[in-house]
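# no letters, just coordinates:
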């Protein structure tokens with residue numbers, strides 16, 4: 001009986017490990033630099049699709065498209081800029097902007113949460129697509145869109161943006 005219990009526990013642990021998504025890393029900018037440069041993030045690599053959080057407290061240049069489940073925070077007096085690269089905020093991720101973000105296209109997947117704080121600014125040189133978010137986009141700062149804006153089916157953007 002004891003042998004069967006251990007086997008069941010081992011199988012249960014194996015199944016959980018096989019089907020749960022891996023936990024990702026948290027990255028904090030440590031200096032100005034490119035998104036894909038490990039030195040920008042303290043030398044431990046750069047944020048990827050399997051990571052959880054990127055906290056930006058410096059001037060980080062987008063030198064690649066960002067499209068994954070990562071939550072991004074751009075702190076006050078910090079920048080995330082790359083006017084020829086795209087940002088996609090996936091379902092379950094958050095995007096908090098207290099500094100400045102500049103990108104080509106910005107896509108907010110259903111289930112993502114976006115907060116542009118007072119003093120925060122998002123500059124979209126191309127197109128802005130809000131895919132069916134409802135009550136999850138709050139703008140107390142500014143969003144400027146150079147191309148088209150698609151607010152999706154039932155998308156709602158709230159706030160008292162300047």
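The structure has been received and is ready for your questions. Treat the numbers as computed from the prediction; the structure is a model and nothing was measured. Numbering: from 1, shown residues only.
# following the helix or strand bottoming out on mean pLDDT in the chain, which helix or strand shows up next?
For the chain, counting by mean pLDDT, DSSP states H and E, helix 2-19 ranks last in confidence among helices and strands (a mean of 43). With elements assigned by DSSP states H and E, the helix or strand that comes after helix 2-19 is strand 26-28.
# for residue 160, give its distance to residue 78.
As judged by Cβ to Cβ, to the nearest Å, residue 160 and residue 78 stand 22 Å apart. (C-beta placed from N, C-alpha, C; glycine too.)
# please apply the same query to residue 117.
If you measure residue 117 against residue 78 using Cβ to Cβ, the figure is 12 Å.
# how about residue 95?
Using Cβ to Cβ, which is the criterion applied here, residue 95 is 14 Å from residue 78.
# pick out whichever of these two has more residues nearby.
Set side by side, residue 95 and residue 78 show more neighbours around residue 95, with 23 against 20, by other Cβ atoms under 10 Å.
# show me what the more buried one bridges to in the sheet.
Beta-bridge pairing for residue 95 (DSSP bridges): residue 72, residue 114.
# dump the residue contacts of it.
71-73, 87, 89, 108, 112-115 (Cβ atoms under 8 Å, 6 or more residues apart in numbering).
# distance to residue 100 and neighbour count added to those residues, as CSV?
Supplementary listing: those in CSV, determined by distance: Cβ to Cβ, whole Å; neighbours: other Cβ atoms under 10 Å:
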residue, distance to residue 100, neighbour count
71, 18, 21
72, 13, 23
73, 13, 19
87, 13, 22
89, 16, 27
108, 18, 27
112, 20, 22
113, 19, 18
114, 15, 22
115, 15, 18
